[in-house]
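J.: just coords:
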Ligand SMILES: Nc1ncnc2c1ncn2[C@@H]1O[C@H](COP(=O)(O)OP(=O)(O)OP(=O)(O)O)[C@@H](O)[C@H]1O
Ligand SMILES: Nc1ncnc2c1ncn2[C@@H]1O[C@H](COP(=O)(O)OP(=O)(O)OP(=O)(O)O)[C@@H](O)[C@H]1O
Ligand SMILES: [Mg+2]
Ligand SMILES: [Mg+2]
């Protein structure tokens, strides 16, 4: 099970609240997406879940357990993995080491090797470039490393922040296929994307954030018809 | 010059280089983890020596006098005490400063070095005077002509190599090493990978400081003398060696250590022999000039970091 | 539209074992908007880096306005009239929006010691001119940014930063502007707006007698379709297709390697 | 007069209280402090004395600063000043300018007194000239001929090297090699290996205890078999302790002044020093600081707390009894030291040569 | 344009004047405090004052007021120094310390151009200061050159010797560059010590300064009063420091400052926009070293003596710590930081051998609680009263 419940959280960096009273739910086994324009607080929400910027108020439950104020590594240990915004590859490490770090909490070498094969299958480029420093790769190649690294964790819940940024159209499609496949394997997904069409095509449900508040929620189909979403994304 | 003496110079240079290399490896380790230059490293080494010395005196006073047992306990106590000290430094000085500009950390650790040095001087009984360090290693020696080979030197050399190789393997081959490097490059992303950031930082500082303590005890065993001032110069030289070799690279640190030792030996022996008008006192001038020239030639150290930057 | 502004001949760039550009021949015509597309890692950014002098080409040559600029220092190439944006934004985060834009005009600023330290009135005039130009540019992209002229860039959102970066590249009125994925991370609307704004500035500059040629790297095909006059498609550092968007979109190899056929 | 009714008079002590040579500075400070305390406890003294101690860090710029501080403060009548020669060199003009009489208690460079004609500057300890003359003559008289010299590159070491070499060549000794080392150097193996190659009979070391201990230890490590001869800078308990009994055995040192351990006043000094429970030993130059302080206190008692009068009184010191023997200032206010005392380490203690088993022929120096 | 140029008239000037006066009075008492109680009292007072200032929002008021009237702030600072000096006209030691603070501030203003603007690290500040002192010693004793010219030449020599390091400094960055200057500093000191040409370890005497027959080393008699001769040096140092300050400030608020900042922050971006990286690094390095040399010459003539031991690695670190504690890049931070770093250990003389320990601890505490320094650098505003604040 991977049931994430966020109850009325408020998060701030310095003074101004970035998230205000946000509540949402990621249902187990589903793909839930978060839409919102730039600066609406999507990444901040993810940081709150991961404990990188803990919320000031409210609480977060994962599988019924409160994780609101746990240290990040404990939250990860409970079965959450994240493909962070901006890729965040380790620049001075090889592709292989980056991928290995994705499965940091897994110590069974055989399991790690199996996952590595899966990732290589999805992104053959990563296999070609196992030894290259991730920092020297092209923008899109780094995105592949980052996604591959997230997959290496084989989490219960995978949080993905703008994964297709900078990917070629072919890989963007591939990417959405991958997310769908991951989800079909039983992994719950929380997805942040700008690419609304394709996101809503694979998501089951979604939320729309506007200036730190949830302004719309519903199934993917409902959102696709929603006025606000239209206003914001389809112009 | 006969062969024996040449061998003797080589051996001296090796021992000296080994000690420099151990300090340089420590610098490299800290630099590798938080991108900080921990300038108190040399002084931690010195405190480690004194911790070892105190342990020895304590053991003597309770009547434990088997040299091997003493040696074991001296190393153990000194290394673990400095590991704890290192972790404390990380917790209360390095981590709070991790978002501040790197120069601040540099200054803070320099000041910490002064605090350690002054504390030993003032609070260790009669701390401002040099102290004899016990001879715990067998002192058998073979004389091959003018070359004197001593068992203790060989043991120390071997121990140094083992320690450096051990650290290197730990960093490059183990999961812990992977975590250490990840934390170094991007702490936040390392946390997202499920790495316990703070724990890894403390551990690394513990490790580095433990290594410093080991180097300190070895230094004591080699010279059979110690004093509160040894850290300052060893710190500067270790830092130079680490940079000369290329920061963040264990091989570089080792290379840098030996080169520096070589430069000093050359400066004190060969230089006056070649240029009789230049007395041996110029050896540091010579060594540091050479350092500057080498840096102008290889601006990122002899073993340059593999570039990981792109535009 | 046939004078050639920039021409690369046999341009090759190798990194160790990786050949990022493989004997590439590519011409940019004066006054056009050229789309440079291709799969990830096909060498697009590398092409920019070589042209702007950040990387020294392994082989081949680049001519700009008929003069060879291969392996010249980045500074010289800037002075020749080529500016760019970066795929990963490279602003000086602690500096203000104005500072970041003003540095883009480096060649028109006076740098003498005496001028800067003692001729403060003259400096002030030059400062005012740049201030006005920065405001005008910013206002085109986002009115609100003008009020933030003296905020540190670190306080801006990603897309505002990208706008600032484009202003920095434009303030010196370059003859060739290289844009590396300007729309990444933007919503559909924002992208649309950004492109219109860039074209608007270009129009304004042209009216003032400065024509700006643009090469744009994009993965967003709507943008390419809308703004480019011509496209070049790279794969493994080689040109695999060239033509209008409609032409290349129909190309089988381009579809296979890049677009992905549905 | 009850102690409280006495006027307070201030005198200064200046020396290195922090840094590498602080042992000596603190030893001097304690000794000066002892002199002041003893005087205050003396019901016959006319004033209550207050000691102002200042740290010169053994750095000339800091020295000038604190010297100005003391000298420009007219309530401070006189000073017991400086262990480091370069610092003393830098400050003599300051004392002169402000007219504060001082007695140098440790710095040994001849120029401190002979390099100027300032009436304010006195010195109780001898210069390195005296020391080295005796050292060179004594050693050659013992039959040694071949020397290697190691000296630190501070003013202290370089000065000793200069004068010792001069007198040694005059007395017929031969110098096989001279090695300058920095004051914080740890490793001397390359210098000593070179020396081993040169096969000298004696190694002369011009420098202070910490370096001396290191060099002597490393001589042993490398199997350099030569007699170890030092200067006044190694005559400290720390030298013998730092080396341990065996290694220290037979090391020589030469120091100006009478062997104060043997004089009645010296015994009193040691006793009283111990009573005060100072954490640190007086070290070699503590007695000089003590003597200097006492001369100043005597002068103040005699002519009152007036800088000029105290200066003139000190200028005229002749055959003043102190724990370092009789003090007489020459026309440069330099103590004409009647005596250089030779010391040798015997069973972990510095012993006056003549009283030692070496002096009596029962033990032999190395190579004899 | 939507910039507001108008609000400058709104802020009153009295908070600034009060602030300057408080600092001045405080400095006065600190300089003259001798007893342990007085020093402790002043330390506690400083903390209370700081708390009170920020608690009641006075700090902000002073800051706004200072930003509004930069000229007044400068004049106020100069006036404060002059007043403190005037009150202590016969206190030689206080004046010596004050002058030392001014000269060190001048050096640190130079280091600030290097560290704070162009990002060239220099851990050999004391060496360049020393080059200045030695140049003054040699020229003043062996040449008839006028002394003011000697001060200028000292700056030139320091800058020239510094240019020996230009190549390695340009080629290296960060820690690697730090090593170059550390090596140079150690080399410099060792060389002077080993080589006897310039006095060796014993150092050299330097004649006092004399300008147009006016002897700086003589006390100044006015009527019955004797003014300390240090006043001469104080006035000269104050002038040098103030001029340097104004120039450094102008440099920061000009295209030069902008270019240096960009060089420091991102060399790649700088190169792409035509910024001549080598030019700015060389300019900063040379200017900084030259300032150190000039200050060193005056300092040498004032103290009358120069020896290698004055210019150790530790002394270079003192200079660096002033720059960092003050708030890197902010010239205003340097003055209080220099005062703290130089006067504090002096005021701690009463704890004797423990003073260095305490001093080091205090610096660590400041770093922990004010990581950006006492007065962090502000956003650049090119011309006073302009919108940027
Ligand atoms: N570290 C930070 N410190 C202060 N403010 C921040 C920080 N990070 C983000 N913010 C502010 O918080 C707000 C929300 O930012 P966030 O990154 O969560 O938005 P987002 O929805 O992820 O936007 P995008 O689509 O650009 O990724 C923005 O106004 C941003 O300026
Ligand atoms: N500094 C470098 N060192 C090593 N390899 C490099 C370096 N720069 C680029 N490469 C390699 O060259 C190839 C081309 O990279 P480039 O950045 O030009 O791709 P791109 O076309 O811009 O891709 P993207 O669309 O993903 O940004 C990639 O395979 C990359 O890994
Ligand atoms: Mg985001
Ligand atoms: Mg690219």
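T.: Looks like it came in fine. Owing to the predicted nature of the structure, the values given are computational and were not obtained by experimental measurement. Ligands and ions are numbered 1, 2, ... in the order given.

J.: all helices for chain A, in order.
T.: When secondary structure is read from DSSP state H, chain A shows helices at A:42-50, A:72-77, A:95-102, A:109-122, A:124-128, A:139-152, A:169-184, A:196-202, A:220-225, A:227-229.

J.: which of the ones you listed sits most buried?
T.: Among the helices of chain A, ranked by average contacts under mean count of other CB atoms under 10 Å in any protein chain shown, first place goes to helix A:139-152 (a mean of 26). Every residue, glycine included, has its C-beta placed from N, CA and C.

J.: for it, packing partners?
T.: The contact analysis (3 or more CB pairs under 8 Å, 6 or more residues apart in numbering or on different chains; DSSP states H and E) places helix A:139-152 against strand A:80-83, helix A:95-102, helix A:109-122, helix A:124-128, strand A:157-161, helix A:169-184.

J.: apply 10 Å and report the result again.
T.: When contacts are defined as 3 or more CB pairs under 10 Å, 6 or more residues apart in numbering or on different chains; DSSP states H and E, helix A:139-152 packs onto strand A:80-83, helix A:95-102, helix A:109-122, helix A:124-128, strand A:157-161, helix A:169-184, helix B:187-192, helix C:44-51.

J.: hmm, the longest one touching ligand 2?
T.: It stands for helix A:169-184. No: with CB under 6 Å from any ligand atom as the criterion, ligand 2 is not reached by helix A:169-184; the gap is at least 8.9 Å.

J.: residues in contact with residue A:56?
T.: Contacts for residue A:56 were tallied using CB atoms under 10 Å, 6 or more residues apart in numbering or on different chains; they are A:9-12, A:17, A:19, A:48.

J.: inside strands: which ones of those?
T.: Within these, residues falling in strands by DSSP state E are A:9-12, A:17, A:19.

J.: of the residues you listed, closest to chain E?
T.: The closest of the ones in strands among the contacts of residue A:56 to chain E turns out to be residue A:12 (CB to the nearest CB; 20.9 Å).

J.: just to check, the closest one is in contact with residue A:47?
T.: No: here residue A:12 does not reach residue A:47: they are 11.5 Å apart, not a contact under CB atoms under 10 Å.

J.: joint contacts of these two?
T.: A:18-19, A:53, A:55.

J.: so what's residue C:63 up against?
T.: Neighbour list for residue C:63: C:4-9, C:27, C:69-70 [criterion: CB under 10 Å, 6+ apart].

J.: let's see it at 6 Å
T.: Neighbour list for residue C:63: residue C:7 [criterion: CB atoms under 6 Å, 6 or more residues apart in numbering or on different chains].

J.: can you tell me the element it falls in?
T.: Residue C:63 is located in strand C:59-64, with elements delineated by DSSP states H and E.

J.: and the next element down the chain from that strand?
T.: Counting by DSSP H and E, what follows strand C:59-64 is strand C:67-68.

J.: so for that next one, what's the average pLDDT?
T.: Averaged across strand C:67-68, the pLDDT comes to 92.

J.: can you give the distance of stretch C:129-138 from its chain's centre?
T.: 19 Å (CA atoms, centre = their mean, to the nearest Å).

J.: buried sites along it?
T.: By neighbour count on 16 or more other CB atoms under 10 Å in any protein chain shown, the buried set for stretch C:129-138 is C:130-131, C:133-135, C:137-138.

J.: adding pLDDT, write those out as JSON lines.
T.: Below are those laid out as JSON lines (pLDDT from 0 to 100):
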{"residue": "C:130", "pLDDT": "93"}
{"residue": "C:131", "pLDDT": "93"}
{"residue": "C:133", "pLDDT": "92"}
{"residue": "C:134", "pLDDT": "93"}
{"residue": "C:135", "pLDDT": "93"}
{"residue": "C:137", "pLDDT": "91"}
{"residue": "C:138", "pLDDT": "92"}
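
J.: in stretch B:116-132, which residues are buried?
T.: For stretch B:116-132, the neighbour count (16+ other CB under 10 Å) marks B:116-122, B:124, B:126-132 as buried.

J.: just curious, which of the residues you listed is nearest to ligand 3?
T.: residue B:116 (44.7 Å; CB to the ion).

J.: please tell me how far the closest one sits from residue E:316.
T.: Look at residue B:116 and residue E:316: by CB to CB, to the nearest Å, they are 20 Å apart.

J.: same deal with residue D:97?
T.: From residue D:97 across to residue E:316, the span is 30 Å (CB to CB).

J.: ok, these two, which is more surrounded?
T.: Neighbours per residue (other CB atoms under 10 Å in any protein chain shown) separate residue D:97 from residue E:316, with residue E:316 holding more: 27 against 21.

J.: assign the residue of chain B found nearest chain C to helix, strand or coil.
T.: Distances between chain B and chain C by CB to the nearest CB are smallest at residue B:311, namely 5.3 Å. Using DSSP: H, G, I helix; E, B strand; the rest coil, the three-state assignment for residue B:311 comes out as coil.

J.: and residue C:210, by the same measure?
T.: Residue C:210 is classified as coil under three-state DSSP.

J.: tell me the contacts of it?
T.: Residue C:210 neighbours (CB under 6 Å, 6+ apart): residue C:173.

J.: rerun at 10 Å
T.: Residue C:210 neighbours (CB under 10 Å, 6+ apart): C:81, C:173-175, C:202, C:204.

J.: wait, isn't residue A:188 in contact with residue A:3?
T.: Yes: with contact defined as CB under 10 Å, residue A:188 reaches residue A:3; the gap is 7.9 Å.

J.: neighbour count winner among the two?
T.: Taking other CB under 10 Å, residue A:188 and residue A:3 do not tie; residue A:188 has more neighbours (24 against 17).
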